[in-house]
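Enquirer: This is a predicted model, with the sequence first.
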Amino acid sequence: MRKKEKTITVFGSASPEEKDYEYTFAYNLGVMLAKEGYNVCTGGYGGIMEAVSKGASSKGAKVTGVTLNYLDKEPNQYLTETITCYSLFERILKLIEIGDGFVILQGGTGTLLELSSLWEMLNKHLITPVPVVCHSEMWLKLCELINAQLSTEHRPVNLIKNAKHVAEIMAYLNSQLK
């Protein structure tokens, strides 16, 4: 019997372009995820979502995009599968449902909403524990603030890891999923 392939859902901004550091970082992450045998899931559009999809697809990984039917955007060209959702919250739940592990890259309010939803589901034990790792100074500071508050509430802390490099992200995911 063949072992189930693991999928890593990656959240991040739709804004970065190919010339930007965040795009290159996401592309390299996609390549490494595929090389390690993971499939990839993103929101399916441009920026970081495109970069991760492009990197993963260049190495033969299955790449799923979870899109919204009411956005006036085309999914990126590197997807091997598209799942269309009809509400923002349906989309977030689908992105979480698909992931065996999660990487949160640089982003804005949409990425914050995705991270917050995932974190709350973990915090309230609504989903099985999964590895979650963030990259960027912004998420590091946010995680420190939230962990301090959770600690005062006697809730689990450090559910979200932080990493500075693709190699650190991969080492953490592999330690949890392989």
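Expert: Here it is on my side, so go on.
Enquirer: Would you mind pulling the contact partners of the helix or strand of the chain with the lowest mean pLDDT?
Expert: Least confident helix or strand of the chain, by mean pLDDT, DSSP states H and E, is helix 137-152 with a mean of 93. The contact list for helix 137-152 (Cβ atoms under 8 Å, 6 or more residues apart in numbering) reads 104, 106, 112, 115, 119, 123, 134, 156, 157, 158, 160, 162. C-beta: built from backbone N, CA, C; applies to glycine.
Enquirer: could those residues be laid out in TSV, adding distance to residue 45 and neighbour count?
Expert: Shown next, in TSV, are those (distance: Cβ to Cβ, whole Å; neighbours: other Cβ atoms under 10 Å):
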residue	distance to residue 45	neighbour count
104	16	27
106	15	24
112	17	15
115	17	21
119	23	19
123	28	15
134	20	23
156	32	13
157	33	15
158	31	10
160	24	21
162	25	20
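Enquirer: biggest separation within the residues you listed, which pair?
Expert: Spatially, the most separated pair among the contacts of helix 137-152 is 106 and 156, at 25.4 Å (Cβ to Cβ).
Enquirer: What is the helix or strand following the least confident helix or strand of the chain packed up against?
Expert: Tracing the chain past helix 137-152, the next element assigned as helix or strand by DSSP states H and E is strand 161-162. On a contact count with 3 or more Cβ pairs under 8 Å, 6 or more residues apart in numbering; DSSP states H and E, strand 161-162 meets strand 132-134, helix 137-152.
Enquirer: Just name the most buried of the ones you listed.
Expert: With neighbours defined as mean count of other Cβ atoms under 10 Å, these peak in mean count at strand 132-134, which reaches a mean of 23.
Enquirer: what about the helices in the protein?
Expert: With helices called from DSSP state H, the chain shows them at 21-35, 48-58, 88-98, 109-123, 137-152, 166-177.
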